[in-house]
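J.: 3D model of this:
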Amino acid sequence: MSQDMTRIIEEFIKNKPCETKKLSIVSQDVTRVIEEHFKSLPDPRRETENRRHKFIDIITIAICGIICGADGWVAVEEFGKAKKQWLGTFLELPHGIPSHDTFTKVFRKLSPKKFEACFTSWTQSISELFDGEVVGIDGKTLRRSHDANSDKKAIHMVSAWASTNRLVLGQVKTEEKSNEITAIPELLKGLELKGCLVTIDAMGCQKTIAAIIVEQEADYLLAVKDNQPKLHKAIQDYVEEASQVVFEGYNVDYAETSNKGHGRIETRRCWVAYDALSCIDGSENWEGLQTIVMVESQRTVKQETTIDYRYYISSATSTAARLLNGSREHWGTENLLHWRLDIAFREDESRIRKGNGAENFAILRHIALNLLGKEDTAKVGIKNKRLMAGWDESYLKIVLAGLAS
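T.: Predicted structure coming up:
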């Protein structure tokens, strides 16, 4: 038996019986909490339709099903049938479990913007963003959400990831004929970011985006590349000039970290310049701009060494150690959010594509990911937590406790 499977079984047994766990929510409270945070979400079905199933039941079964491993509407229906007796302890289910066609139709029609607003409201109620928390903004394409028959391109979602809380704070779909530049401001305006350090890659290095972050009483750390050619060259010229004298006489802070593992050694060096704005034309047009940052990443794999340089602008007057950490934490959005969605939720394999279905299913995945991520009694990964929740209703209750905490 593999070590991985042994660990799953050990965790499963450890969580039996559930009575040994202190729960902050009981089954009857599930619908109350969901209704509280999703009460402004309108039922997309017309009043003239035969609404055999309650809207709250449809939402709740979908959330529970996806937590427990369902990756499509047929699987959600089958989950509901298998757990009908348990679901019936806190849902009315006047006509039993909805069919997969019902789930499909409801979530195709459901307004993703209103669903997203409810998701953000709920997330903010369960999270406490710490002063200095790094919030990474990054985009991901749902690869199989395209529909050739209707000439619909794959959906691209931009998400906000809180590095300390390990939570998705919100997400917005980019419009088909647009890009992240228009989606990021919409996402930022819906979040409470006071005291956070917001990190964005070069696509988001825009004056309007910097201004919105400062307006939110947060700081920004924006990557600078060739899409801002004058700014990029000005920073490079400043660093080249200062490095010739090893930054002697320059108001610069320095930090260095090193990691070794998996056959590689990686050393990161960071310089933060506090007096460089006079060297940058138009620096006054960047709201709150205080510092420029250079990060050198040196990686050695099998005695072959590569060096990469990255440049940033920031509204923070923080130490090099903090801004180096911010640049590293940004990649947690890729490693801890996007990777989990692909590996644990098989997002890139999903063929849900009609209407608003793909976007709404993405929001449901984020709800499930947040709940599974908050649950810390089982010391296994997200994929195995999904298995455990599907096997054991008592463990599923523990996961659902995160709705209210």
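J.: tell me the SS of the residue nearest to the spatial centre of the chain?
T.: Geometric centre of the chain, nearest residue: Val168, 3.5 Å, by C-alpha atoms, centre = their mean. Following DSSP: H, G, I helix; E, B strand; the rest coil, Val168 is assigned to strand.
J.: contacting residues for the residue nearest to it when sequence neighbours are not counted?
T.: Spatial nearest neighbour of Val168, excluding adjacent residues (C-beta to C-beta, 6 or more residues apart in numbering): His366 at 4.3 Å. Every C-beta, even on glycine, is put in place using the N, C-alpha and C of the backbone. Contacts for His366 (C-beta atoms under 8 Å, 6 or more residues apart in numbering) come out as Phe119, Ser159, Val168, Gln171.
J.: Of these, just say which sits nearest to Asp392.
T.: Using C-beta to C-beta, Val168 is the member of the contacts of His366 that sits closest to Asp392, with 24.9 Å.
J.: that older thread, just give me how far the helix or strand harbouring the residue nearest to Val168 sits from the chain centre.
T.: If you go by DSSP states H and E, His366 is part of helix 357-374. Between the mean C-alpha location of helix 357-374 and the chain-wide mean there is a distance of 9 Å, by C-alpha atoms, centre = their mean, to the nearest Å.
J.: Give me the buried stretch members for the helix or strand following it, please.
T.: The element immediately downstream of helix 357-374 (helix or strand, assigned by DSSP H and E) is helix 382-391. Neighbour counts using 16 or more other C-beta atoms under 10 Å place Ile382, Asn384, Lys385, Arg386, Leu387, Met388, Ala389, Gly390, Trp391 of helix 382-391 among the buried residues.
J.: contacting residues around Ile67?
T.: So Ile67 contacts Ala368, Leu371, Leu372, Arg386, Ala389, Leu396, Val399, Leu400 (C-beta under 8 Å, 6+ apart).
J.: out of those, who's nearest Ile307?
T.: Of all the contacts of Ile67, Leu372 has the smallest distance to Ile307: 38.0 Å, by C-beta to C-beta.
J.: Let me see the contact set for the closest one.
T.: Counting by C-beta under 8 Å, 6+ apart, Leu372 makes contact with Ile67, Ile382, Lys385, Arg386, Ala389, Val399.
J.: For the stretch 1-150 of the chain, which residues score under the pLDDT cut-off?
T.: 1-28, 144, 146-150 (pLDDT under 70).
J.: Repeat the analysis, applying 90 as the threshold.
T.: Residues of the stretch 1-150 of the chain meeting the criterion pLDDT under 90: 1-40, 46-51, 89, 121, 124-132, 139-150.
J.: Let me see the ranges of the helices in it.
T.: Using DSSP state H, counting those that start in this stretch, the helices found in the stretch 1-150 of the chain span residues 3-14, 27-38, 55-67, 73-82, 84-87, 100-109, 112-126.
J.: Let me know which of those is tucked in deepest.
T.: Each of the helices of the stretch 1-150 of the chain was scored by mean neighbour count; the highest is helix 55-67, a mean of 23, by mean count of other C-beta atoms under 10 Å.
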